[in-house]
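> sequence isn't available, so here's the structure alone:
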């Protein structure tokens, strides 16, 4: 009917699908001539860029691939060097000189620290000893209140004249009812020889760590505090009643009336160059041996004030 009407028929054609552009010849040649990972990544990148229809500069593509590959190679080399260094150190060990240097350093530190530790340990024992004599003086003061304010003596005659071992007694047995613990008669820094004081009242001849002050026993002044009334003590805070001992309960101090006596026994320097001394008023002091019987000042062993 179109032809009969004298109208020329229209021609219709389907739109053609655009074919992807072919890769550039110089890029394809470059990909074909190179080997390894760089060429593979470069070819892959080119294919992706080709499909997208965007063509960057080939040199930039190559530089990016090389840079990324170089970074990965550097990281791998770094990991390998660390592993190798660790294995070398494990296999190498120590040399003799290094071991000797370490041993020398340890020996120097030990020589410095061991005396410090020893003094600290002795300081703790000194504190425990001070607690012992403090409790002993409290017991002595209770004994004084029950005995008409009369201080204990060194010898109690129970049938042997006061000095017979196993028969007579001393100050330790006299105050034992107020103590009830034989352990405080032993200093932590001292181990008395057997037989030790065990709490019996007939304790003459038994060993402990503390003794009564029986110095200056000769006739005349100065006078020791043992077996004295409290009223005879001019200053209770300046008179030592107990001292440390190497075993016996008495008879270790000088009997002479001349002052200036310095004890030479080891008990006088038992605690870091000194010893603990309880005074009649109950307080305790750590003193050096040359202080207790001064020749120029008041003697701490006598009841008189000089």
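Yep, that arrived. Please read these numbers as outputs of a predicted model, since none were measured by experiment.
> list the buried residues in stretch 221-237.
222-226, 228, 230, 233, 236 (16 or more other CB atoms under 10 Å). The C-beta positions use only the backbone N, C-alpha and C, and glycine is treated the same way.
> out of the residues you listed, what pair is the most spread apart?
In the buried residues of stretch 221-237, two members sit farther apart than any others by CB to CB. They are 222 and 230, at 17.4 Å.
> quick revisit: reformat the buried residues of stretch 221-237 as CSV; add secondary structure and distance to residue 140.
Shown next, in CSV, are the buried residues of stretch 221-237 (DSSP: H, G, I helix; E, B strand; the rest coil; distance: CB to CB, whole Å):
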residue, secondary structure, distance to residue 140
222, coil, 20
223, coil, 18
224, coil, 14
225, coil, 10
226, coil, 11
228, coil, 12
230, helix, 11
233, coil, 13
236, helix, 12
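> pLDDT check: weakest of those residues?
Across the buried residues of stretch 221-237, the bottom pLDDT score, 80, is held by residue 222.
> among the buried residues of stretch 221-237, which one lies nearest to residue 259?
Using CB to CB, the buried residues of stretch 221-237 come closest to residue 259 at residue 222, 7.2 Å.
> and the residue nearest to the closest one when sequence neighbours are not counted, how many neighbours?
Once flanking residues are discounted, residue 222 sits nearest to residue 302: 3.0 Å by CB to CB, 6 or more residues apart in numbering. Residue 302: 23 surrounding residues under other CB atoms under 10 Å.
> residue 302 - that's part of a strand, no?
No. Counting by DSSP: H, G, I helix; E, B strand; the rest coil, residue 302 is not part of a strand but coil.
> list the contacts for it?
With contacts defined as CB atoms under 8 Å, 6 or more residues apart in numbering, residue 302 is in contact with 215-216, 221-225, 239.
> now residue 141: how far from residue 131?
In this view, residue 141 and residue 131 are 16 Å apart by CB to CB, to the nearest Å.
> residues contacting the nearest residue in space to residue 129 that is not next to it in sequence?
What sits nearest to residue 129 in space, not counting adjacent residues and going by CB to CB, 6+ apart, is residue 187, at 4.7 Å. Contact analysis of residue 187 by CB under 8 Å, 6+ apart lists 125, 129, 132, 209-210, 244, 270.
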